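A.B. asks: Fold the stuff below for me.
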Amino acid sequence: MPCFKGIAVSIHANGAPLPEYGVQKQSRVQRINTYIPVPPPQLNSDSNKPEAAKFAISITLLTPGLAIPYSTPKATESNPYPKPQYVGSMPSSNPDRRFNGVVNPYIPMTNSENETIAAYIYFDGRAKEEVATLLRPGEETWVNSRWVQVPSSEGGGLAEREFLFREVGLERWLNGLDLQGHDAAEKLERRRQKFEKRRRRQKANTDGSSGMDSDKPSQAAETLRYGTDDNSPIEAIFDEDDSLSSSDDDEPPEATGQIKVAMFRVIASGEIKKGEYSPQFDAHDDDDDEAGQGGKSNANGIDADVEHTTSFAKPKSLDPKTISTQTVTGIDGPDKPYATFTFFYRGERKLQVFLR
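C.D. replies: Here you go, the predicted model:
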């Protein structure tokens, strides 16, 4: 990650993509998982009080020759004008016009110029998507809010609620993860060992590839991920690296602590309508849940360990004229997405359980 099956997905906070750890790819079910750290709360410049970290989701349908989003290293004295990495060519492209890219592009299933991807975003194992959006090939699509209906008593109309990471009591968060069973410690230790084994293999592959003949054509990868090295912000992960494989029974449950983006291939042939949208949620649907999740203090008012869940900011009015919708025809079945990206987000302490 962020590139898998010709699609780039990344979670952004504080103006940059979050680094990714412990990548797990399950080709049989077209799914890729990774862990991301939750950024700390930010101080409000006006009130000087900490506010929950906001996040946004970036999705790009990759086309041949496209610069891979956020793949440009930081400028250095030895390389003051760094260049990004690029998407490769279609497998059937004319050899004389092939792009020397590091990752494969999205390969359409049909000959229709209207084929694209519909992305559905789910939080914390909820059965209903928070938002869905259509991708335009080669263009980055940002999703940072859920559209809601404002009750008529408050003026009516359409509003948006931005995505937040909200702190909750650690005990409540662990209950949401269903880790109270007798084998919880065993599962955590097995997962930690698998991550360590995966990290050693990836390091060995990286060290081995550094000595390869530079004149030899490089193989395009299907998968990339973001790391913490500013001089090389993305890392290719090749299919033959079996350390990426993962069994279904070792996956965390569909519960608190995850952002899932399911991709479905569609034909977007319907009429584009402006200013028409029927929100699926009321502006106050989540208010009771958010109020009950609490903060850092326990019942005795003593600071307690905390973790995080996704949440939503207060509703802000939205001009319906800026909205466009389009009818699509699905290619993939509703229970068989083309690809699924799952980001398991963890606070710093919890992340170390898996990655120390």
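A.B. asks: drop to CA atoms for contacts and neighbour counts, all remaining ones
C.D. replies: Fine.
A.B. asks: Now do the same contact list for Leu135.
C.D. replies: Contacts of Leu135 were listed using Cα atoms under 8 Å, 6 or more residues apart in numbering, and they are 59-61, 116-119, 141.
A.B. asks: how about 6 Å then?
C.D. replies: When contacts are counted by Cα atoms under 6 Å, 6 or more residues apart in numbering, Leu135 touches Ile117.
A.B. asks: Ok, the one 5 residues further on next?
C.D. replies: When contacts are counted by Cα under 6 Å, 6+ apart, Glu140 is found next to 59-60.
A.B. asks: Same check on the one 3 residues further on?
C.D. replies: Val143 makes contact with 56-57, according to Cα under 6 Å, 6+ apart.
A.B. asks: Would you mind naming the residues that bridge with it?
C.D. replies: Ile57 (DSSP bridges).
A.B. asks: OK, contacts around Ala119?
C.D. replies: Going by Cα under 6 Å, 6+ apart, Ala119 touches 132-133, 262-263.
A.B. asks: Now, these that are in strands?
C.D. replies: 132-133, 262-263 (DSSP state E).
A.B. asks: If you rank the residues you listed by neighbours, which is first?
C.D. replies: The most crowded member of the ones in strands among the contacts of Ala119, judged by other Cα atoms under 10 Å, is Met263 (24 neighbours).
A.B. asks: Nearest residue to it in space, please, no chain neighbours.
C.D. replies: Spatially, and ignoring its direct neighbours in sequence, Met263 is nearest to Ala119 (4.7 Å; Cα to Cα, 6 or more residues apart in numbering).
A.B. asks: per-residue confidence for that neighbour?
C.D. replies: With respect to pLDDT, Ala119 scores 97.
A.B. asks: what about it, helix or strand, and which?
C.D. replies: Under the criterion of DSSP states H and E, Ala119 resides in strand 115-123.
A.B. asks: partners of that strand in the sheet?
C.D. replies: Assessed with DSSP bridges, strand 115-123 is paired to strand 131-134 (antiparallel), strand 258-267 (antiparallel).
A.B. asks: Could I get the ones in strands among the contacts of Ala119 in CSV, plus columns for distance to Pro320 and pLDDT?
C.D. replies: Shown next, in CSV, are the ones in strands among the contacts of Ala119 (distance: Cα to Cα, whole Å; pLDDT from 0 to 100):
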residue, distance to Pro320, pLDDT
Ala132, 16, 93
Thr133, 16, 94
Ala262, 26, 97
Met263, 26, 97
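A.B. asks: which one of the residues you listed is nearest Ala52?
C.D. replies: Ala132 (23.7 Å; Cα to Cα).
A.B. asks: That closest one and Tyr120 touch, don't they?
C.D. replies: Yes: assessed by Cα atoms under 6 Å, Ala132 is found in contact with Tyr120 at 4.4 Å.
A.B. asks: Farthest pair within the ones in strands among the contacts of Ala119?
C.D. replies: Thr133 and Ala262 (10.8 Å).
A.B. asks: what's the helix or strand for the residue nearest to Tyr81 when sequence neighbours are not counted?
C.D. replies: With sequence-adjacent residues excluded and distances taken as Cα to Cα, 6+ apart, Tyr81 is closest to Ala75, at 6.0 Å. Counting by DSSP H and E, Ala75 is held by no secondary-structure element, helix or strand.
A.B. asks: which of the strands paired with strand 115-123 is buried the deepest?
C.D. replies: Ranked by mean neighbour count under mean count of other Cα atoms under 10 Å, those are led by strand 258-267, which reaches a mean of 22.
A.B. asks: Now do the contacts for the residue lying closest to Ile234 once chain neighbours are set aside.
C.D. replies: Nearest residue to Ile234, sequence neighbours excluded (Cα to Cα, 6+ apart): Tyr226, at 4.5 Å. Applying Cα under 6 Å, 6+ apart, we find Tyr226 in contact with 19-20, 233-234.
A.B. asks: Most neighbours out of those residues, which is it?
C.D. replies: Neighbour-wise, these (other Cα under 10 Å) top out at Ile234, 26 neighbours.
A.B. asks: Ser278 in helix, strand or coil?
C.D. replies: With DSSP: H, G, I helix; E, B strand; the rest coil as the basis, Ser278 sits in coil.
A.B. asks: what stretches of the stretch 1-150 of the chain score poorly on pLDDT?
C.D. replies: 1, 92-101 (pLDDT under 70).
A.B. asks: Can you list the residue ranges for strands in it?
C.D. replies: Along the stretch 1-150 of the chain, counting by DSSP state E, counting those that start in this stretch, strands occupy 3-4, 7-13, 16-17, 21-26, 31-37, 42-43, 50-51, 56-61, 115-123, 131-134, 140-143, 145-149.
A.B. asks: most packed of the ones you listed?
C.D. replies: By mean count of other Cα under 10 Å, those have strand 3-4 as the most buried, with a mean of 28.
A.B. asks: Name every strand pairing with that one and say which way it goes.
C.D. replies: Here, using DSSP bridges, strand 3-4 pairs with strand 7-13 (antiparallel).
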